[in-house]
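Colleague: Attaching a predicted model along with its sequence, questions to come.
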Amino acid sequence: MSWLLQMDRKWIEDGLLKRRSNYSPVICFETTDPKRLQQLRTFIANDGELKRFEYLFVYDQWNGLYRLAPSAAGLAEEPYKRNVGSTALMQRLGEEGGALTQFKAVLKEVDGFLKKHKCLFIIQNVAEHREAETGLQAALRSWAIDPLLVSKGSMIFLVTAEVDRILDSFTRELTVIISVDASSKAEREQIITSTARELEVKLDDEQRAELVMATAGLNLHQMESILLEAYFTTKGFPLFTIKNLKSNLVKRSGVLEVKDPELGFQDIGGYQVIKEFIQKYVINVLRYAERAKRFALPLPRGILLFGPPGTGKSLFANALAREVNLPFINLVTENIYSKWLGESGQNLKNAITLAEKMSPAIVFIDEIDRFGKRGGSADSAGEETRRVFSQFLEWLGRTDRQSIIVGTTNVPEHLDEAFTRTGRFDYKIPFLYPGESARLEILMVHLGMRGGHRNRAPMSLSDEELGAFLLEDIVPVTRNFSGAELEELVIRAKRHAFDRAAAGLGPQDLIWAARTFRVDEQQRRETIETCLEQARKFTDDQSFLDNLEQEMGLELG
Ligand code: ATP
């Protein structure tokens with residue numbers, strides 16, 4: 001791990017700078033990366049000022065309290081044994097052999113050192129605690145403003161990525177909070193280069209650059225472990241393996257999933273007006289970013305796709321990522337919301353940080369309406385919803401945002417005004433049920449007759465004959481079917497052909513499948529009306545709307 005010394009130390013220096021400006025002796029470094037902790041310790045062992053501490057204490061939930069003392073290898077750990085005097089007292093304290101493990105007792109013990117000596121206290125791996133039992137926040141607040149502690153030059157480092165969960169807003173006010181990058185581009189390059197050298201893996205510049213890009217968002221520890229894992233399984237760092245390992249790691253976070261999109265515009269049937277719109281205003285601008293820059297055109301950063309279920313919104317988002325060759329990151333909406341107070345905010349914060357680190361990317365947010373409401377109730381649950389809402393709004397409006405957010409909703413009418421106001425999303429695009437030619441194309445895509453020709457079954461007619469049959473007999477009876485329903489119809493037809501042990505799928509299978517479907521015409525009309533109403537409200541591009549209504553409008557009559 002020769003690279004550790006070359007890692008960016010700015011985050012530590014930033015923390016110390018704040019300390020010197022006397023803001024607060026309590027510094028919270030937002031990270032859980034074990035390599036960052038190691039980096040912090042190495043820094044402490046070598047830094048002129050930090051070396052002067054008389055006492056260095058570390059507490060973590062597993063090991064309890066221990067001391068760090070200078071040794072040949074940097075800083076050595078030794079368990080802190082309290083001089084308890086009598087066995088009876090020891091027993092009363094419930095501590096083993098005088099070693100302090102209970103958080104509350106630890107805080108009390110270290111308090112004396114912080115006030116009487118120049119002392120550094122590092123608190124790490126504290127994922128959760130009960131304030132009533134530990135008194136952590138009360139201790140941090142009193143240390144933050146204690147003149148004795150300040151005059152001694154003592155400091156407290158809290159190392160955690162869960163600051164919102166662990167500290168309330170009052171305690172956060174009194175704490176210096178330093179956010180720590182998962183990994184910078186230069187750091188990733190450094191790790192890849194030195195690990196490749198150590199393992200004798202040959203990489204050319206292009207491969208190295210691709211790996212640096214593909215590992216964005218990973219922390220140092222994760223970087224090291226996926227490089228080693230890839231090496232042990234393949235004796236190299238193949239891009240495909242690295243991407244897979246990263247995608248598994250990201251998935252474990254529970255809040256994001258990352259994948260390389262498989263389907264492009266060619267796999268979407270119909271929706272020509274929307275395809276052209278996205279091509280012109282989104283894809284071309286991203287693809288020819290240099291030209292867009294010359295014309296001072298801003299890059300698109302937010303798109304809202306709305307309309308009834310199954311009309312291809314997610315499919316378009318996927319295809320967009322593929323067309324612009326960016327990773328597709330799915331924000332797992334249902335996992336962000338937690339029943340534990342304070343957790344939803346923390347989850348969203350983690351998701352945003354990670355997504356930004358992996359960007360530029362398409363960040364897909366299904367059911368974005370879950371974030372797009374203020375939250376009505378006056379209780380703490382309502383407060384949490386409001387907090388998540390404003391956190392989300394803040395992200396959408398951030399000028400330095402690197403991610404391109406593509407959100408979808410079936411209920412645009414539920415979105416808050418602040419959310420749909422100009423500036424948050426560049427484009428709001430309505431999705432309606434496919435018109436005649438779109439239905440034909442969608443059926444053909446799923447029969448494997450066009451697009452990527454996937455899932456093609458043997459057929460009893462030529463493509464040309466089948467195409468004519470679809471147009472004549474199936475398209476008219478599938479009015480107001482969604483793309484998803486047309487896909488399902490094709491699957492049912494295939495199943496029917498399979499059940500009757502036919503040599504190929506034929507017209508009778510499709511007719512049978514179409515008969516098994518019923519859609520509620522009245523309800524669909526109402527849905528279309530609502531969607532068009534929202535479209536008129538959101539879209540100021542009249543010609544786009546006219547074309548869209550023309551493409552779909554036939555179905556309204
Ligand atoms: P929801 O609002 O329920 O999330 P959605 O509008 O995002 O729905 P998708 O998930 O994109 O709908 O569509 C479901 C499936 O229907 C797609 O995976 C695809 O197979 C099929 N489908 C929908 N529209 C089309 C289309 N235009 N061309 C081809 N297939 C389509």
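Modeller: In hand now; what should we look at?

Colleague: Need the pLDDT of the residue in the chain that the ligand sits nearest to.
Modeller: Using Cβ to the nearest ligand atom, the single residue of the chain nearest to the ligand is G483, 2.1 Å away. The C-beta positions use only the backbone N, C-alpha and C, and glycine is treated the same way. pLDDT for G483: 95.

Colleague: Name the nearest residue to it, ignoring sequence neighbours.
Modeller: Using Cβ to Cβ, 6 or more residues apart in numbering and skipping residues adjacent in sequence, the residue nearest G483 is G312, 4.6 Å away.

Colleague: Near the ligand, which residues of the stretch 151-300 of the chain? Just list them.
Modeller: 268-271 (Cβ under 6 Å from any ligand atom).

Colleague: Can I get the buried ones among these as something I can paste into ChimeraX?
Modeller: For the buried members of these, the matching ChimeraX selection, counting by 16 or more other Cβ atoms under 10 Å, is:
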select :268,269,270,271
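
Colleague: from the residues of the stretch 151-300 of the chain next to the ligand, which ones fall inside strands?
Modeller: When DSSP state E is applied, those are split such that none fall in strands.

Colleague: tell me the contacts of the residue of the chain closest to the ligand?
Modeller: 269, 310-312, 315, 434, 442 (Cβ atoms under 8 Å, 6 or more residues apart in numbering).

Colleague: could you give the mean pLDDT of the helix or strand that T385 is a member of?
Modeller: Using DSSP states H and E, T385 sits in helix 380-397. In this model, helix 380-397 has an average pLDDT of 80.

Colleague: Tell me how far it lies from the chain's centre.
Modeller: 16 Å (Cα atoms, centre = their mean, to the nearest Å).

Colleague: for stretch 185-193, same thing?
Modeller: Worked out by Cα atoms, centre = their mean, stretch 185-193 lies 22 Å from the chain centre.

Colleague: what comes up buried for that stretch?
Modeller: Under 16+ other Cβ under 10 Å, the buried positions of stretch 185-193 are 187-193.

Colleague: what residues does that stretch touch?
Modeller: With Cβ under 8 Å, 6+ apart, stretch 185-193 has contacts from 3, 6-8, 181, 183, 203, 208, 211-212, 215-216, 218, 220, 223-224, 227, 237.

Colleague: where do the strands sit along the stretch 151-300 of the chain?
Modeller: 155-159, 176-179, 256-259 (DSSP state E, counting those that start in this stretch).

Colleague: Pull the residues that contact stretch 241-256.
Modeller: 211, 214-215, 217-218, 222, 226-227, 229-230, 233-234, 257-260, 329-332, 335-336, 347-348, 350-351, 354-355, 358.

Colleague: Go through this protein and flag its longest strand.
Modeller: The chain, longest strand under DSSP E: strand 64-71.

Colleague: Strands of the stretch 401-550 of the chain, start to end?
Modeller: 404-409, 427-430.

Colleague: In CSV: the ones you listed, plus mean neighbour count.
Modeller: Output for these, formatted as CSV (neighbours: other Cβ atoms under 10 Å):
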stretch, mean neighbour count
strand 404-409, 26
strand 427-430, 24
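
Colleague: Lowest average pLDDT across the ones you listed?
Modeller: strand 427-430 (a mean of 90).

Colleague: surely M7 meets L220?
Modeller: Yes: using Cβ atoms under 8 Å, M7 is in contact with L220, at 6.8 Å.

Colleague: shared neighbours of those two, anything?
Modeller: Counting by Cβ under 8 Å, 6+ apart, the residues touching both M7 and L220 are 35, 39, 187.

Colleague: Rebuild the residues you listed as JSON lines, extending it with pLDDT and distance to V406.
Modeller: Putting the shared contacts of M7 and L220 into JSON lines (pLDDT from 0 to 100; distance: Cβ to Cβ, whole Å) gives the following:
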{"residue": "K35", "pLDDT": "89", "distance to V406": "33"}
{"residue": "Q39", "pLDDT": "89", "distance to V406": "36"}
{"residue": "E187", "pLDDT": "92", "distance to V406": "29"}
